[in-house]
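Novice: Below are the sequence and a predicted model for it; my questions follow.
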Amino acid sequence: MTGSWRRLKAATWARSLEFIRDKSAVGWNVIFPVLLVLGLAYVFSGPGQPMFKVGVLAPAGAALDAKLHPFLATPQVQFYREEPGETALHKVQLQRIDMLADFTVSPGRYWVNEQSPKGKLLEQLLRGAGGDPLQRQTTSGAEVRYVDWVTPGVLGMNMMFSCLFGIGYVIVRYRKNGYLKRLNATPLRAFEFLLAQLLSRLLLIVAVNAAVFVACRLLLDLRMEGSYWNLLLLTTLATFSMIAMGLVVSARISSEELAGGILNVISTPMMVVCGVFFSIDGAPHILQIVAQLLPLTHLINGARAIMLDGAGLQQVMPNLLALAAMSAFYLVLGAAMFKWRQN
C-alpha cells in the first residue's frame with residue numbers, strides 16, 4: 001500500500017511539474033478566464049433584458065431617442081437601428097421582432113404582426129407615448145418556434161467544437177510524440193498532409209451532423225422551408241472553414257495544454273457573439289462586425305435563412321463566399337506556418 005501511494009505521489013508531482021514548467025500553458029489558463037469574464041461582462045452589460053424588441057428605420061445620423069419620437073423613450077423596450085428592405089419586415093412576420101417603426105417618411109408608420117400578442121401591447125404603449133401619430137401597417141405570420149430557431153445554432157456550435165478540437169489536438173499530439181518528425185522523412189509535403197487531415201475530418205463531421213440533423217428533424221418536426229442540398233453545401237463549406245481554422249492553431253504548437261487554451265479563446269467568443277442562443281440584432285456595433293469575421297456566424301445565419309425563410313443559393317451566396325474566402329485563407333496560412341518538429 002505504501003509503495004502504491006509513493007508511485008501515485010511521484011506521478012502526480014511529475015505531471016504537475018510538467019504543467020507548471022510549460023509557461024505558455026499556465027499563462028493561458030490564467031489569462032483566459034479573466035478575458036472570458038471581461039468579454040461576457042461587456043456583451044451583457046447594461047440594464048436587464050427588455051420585454052419588447054422594436055426595429056427602427058431612422059434617418060442617417062439621427063439618434064434613437066425621444067427627440068425623434070416620444071415612443072423611443074419607452075422603458076423595457078429595446079430599440080435598435082434596422083436596415084431598410086424586405087428583411088426587416090420579414091422579421092415582423094416571423095415575430096423575431098415585435099414591431100418595425102419607420103421614421104424616414106412623413107408621416108411615420110409602423111408595422112405589427114396581427115398574430116402577435118406583444119405587438120398589440122406595443123400599440124397601446126405607442127398611443128400612450130404621445131407625439132405625432134404613426135400610420136398603422138399590418139402583416140401576418142405564425143411565430144417561429146424557439147426550437148426551430150435555436151437548432152441551427154446548437155448544431156453549428158457542436159460542429160465548431162468537433163472541427164477545432166478534433167483536428168487541433170490530434171496534430172499537436174502527433175508533433176509531441178514525434179510522429180510528424182517521421183513523416184517529414186517521407187516525400188509527403190506539409191500542404192498534402194494538412195489537406196488529408198482536413199478531408200478526413202470533413203467527411204466524418206458532415207456525416208455525423210447530417211445524421212444528428214435528420215434525427216432532430218424527425219423527433220422535433222423542425223421547420224424546413226428551403227433545399228436540403230443548399231443546406232448540405234453550406235454545412236460542408238462551413239465545416240471545411242472551421243477545420244482549416246483549427247489547422248492554423250495546431251501548425252506550430254507542441255503543447256496540448258497551450259493548444260487547448262488557444263482553442264478555448266477562439267471557440268468561446270464564437271459561441272457568444274455568433275448568435276447561437278440569441279439574436280445579436282441590437283448588440284454593440286463592434287460585436288456585429290467581429291461576428292461577420294467568424295465562420296460560425298455565416299453557418300448559422302445561412303442555415304436559418306434556408307430552414308426558416310426558404311432562402312435559395314442567391315440569398316445565401318454572401319455567406320458561401322465569405323466561408324470560401326476564410327477556408328482559403330486559413331488553409332494557406334496553416335500550410336505556411338506548419339512545422340514538422342517541436343522546438
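Specialist: Structure's in. What do you need?

Novice: Where does pLDDT dip in the stretch 1-150 of the chain?
Specialist: Where the stretch 1-150 of the chain drops to pLDDT under 70, the residues are 1-50, 140-144.

Novice: Strands of that one, start to end?
Specialist: For the stretch 1-150 of the chain, strands defined by DSSP state E, counting those that start in this stretch occupy the ranges 52-57, 77-81, 99-102, 109-113, 135-139.

Novice: Determine which of these approaches residue 259 most closely.
Specialist: Comparison of the strands of the stretch 1-150 of the chain against residue 259 by CB to CB identifies strand 77-81 as nearest, at 37.9 Å. Yep, even glycine has a C-beta here, placed from its N, CA and C like the rest.

Novice: quick one, the closest one and strand 52-57 angle?
Specialist: Using axes from the mean of the first three to the mean of the last three CA atoms, to 10 degrees, the direction of strand 77-81 lies 20 degrees away from that of strand 52-57.

Novice: quick one: strand 77-81 to chain centroid distance?
Specialist: On the basis of CA atoms, centre = their mean, to the nearest Å, strand 77-81 is displaced by 22 Å from the centre of the chain it belongs to.

Novice: Let's see it as CSV, backbone CA atoms only.
Specialist: The C-alpha trace of strand 77-81 is given here as CSV (Å, rounded to 0.1, in the frame of the first residue of the first chain):
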residue,chain,number,x,y,z
VAL,A,77,-38.4,48.2,-24.9
GLN,A,78,-35.2,47.6,-26.9
PHE,A,79,-35.0,49.9,-29.9
TYR,A,80,-32.3,49.2,-32.4
ARG,A,81,-31.5,50.6,-35.9
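
Novice: Turn the strands of the stretch 1-150 of the chain into a markdown table, columns for distance to residue 227.
Specialist: As requested, the strands of the stretch 1-150 of the chain are exported to a markdown table (distance: least, CB to CB, whole Å):
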| stretch | distance to residue 227 |
| --- | --- |
| strand 52-57 | 28 |
| strand 77-81 | 31 |
| strand 99-102 | 28 |
| strand 109-113 | 27 |
| strand 135-139 | 25 |
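
Novice: what's the closest of the ones you listed to residue 196?
Specialist: Checking these against residue 196 by CB to CB gives strand 77-81 as the closest, at 45.6 Å.

Novice: Now do the helices in the stretch 1-150 of the chain.
Specialist: Using DSSP state H, counting those that start in this stretch, the helices of the stretch 1-150 of the chain run over 2-21, 23-43, 86-93, 117-129, 146-177.

Novice: re the thing from before, could you redo the strands of the stretch 1-150 of the chain as TSV and give each row mean neighbour count?
Specialist: Formatted as TSV, the strands of the stretch 1-150 of the chain follow (neighbours: other CB atoms under 10 Å):
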stretch	mean neighbour count
strand 52-57	22
strand 77-81	17
strand 99-102	24
strand 109-113	22
strand 135-139	13
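
Novice: how about the residue nearest to the spatial centre of the chain, phi and psi?
Specialist: Nearest to the geometric centre of the chain sits residue 274, at 2.6 Å (CA atoms, centre = their mean). Dihedral pair for residue 274: phi -90, psi 0, per degrees, to the nearest 10.

Novice: Helix or strand for residue 246, just tell me which one.
Specialist: If you go by DSSP states H and E, residue 246 is part of helix 228-249.

Novice: related to what we said a few turns ago, which one, of the strands of the stretch 1-150 of the chain, ends up nearest to residue 257?
Specialist: strand 77-81 (40.7 Å).

Novice: Outline the domain layout of this protein.
Specialist: What automatic domain parsing lists as the domains of the chain is 2-43, 52-139, 146-337.

Novice: Packed most tightly, which of the ones you listed would that be?
Specialist: Highest mean neighbour count of the domains of the chain: domain 146-337, a mean of 18 (counted as mean count of other CB atoms under 10 Å).
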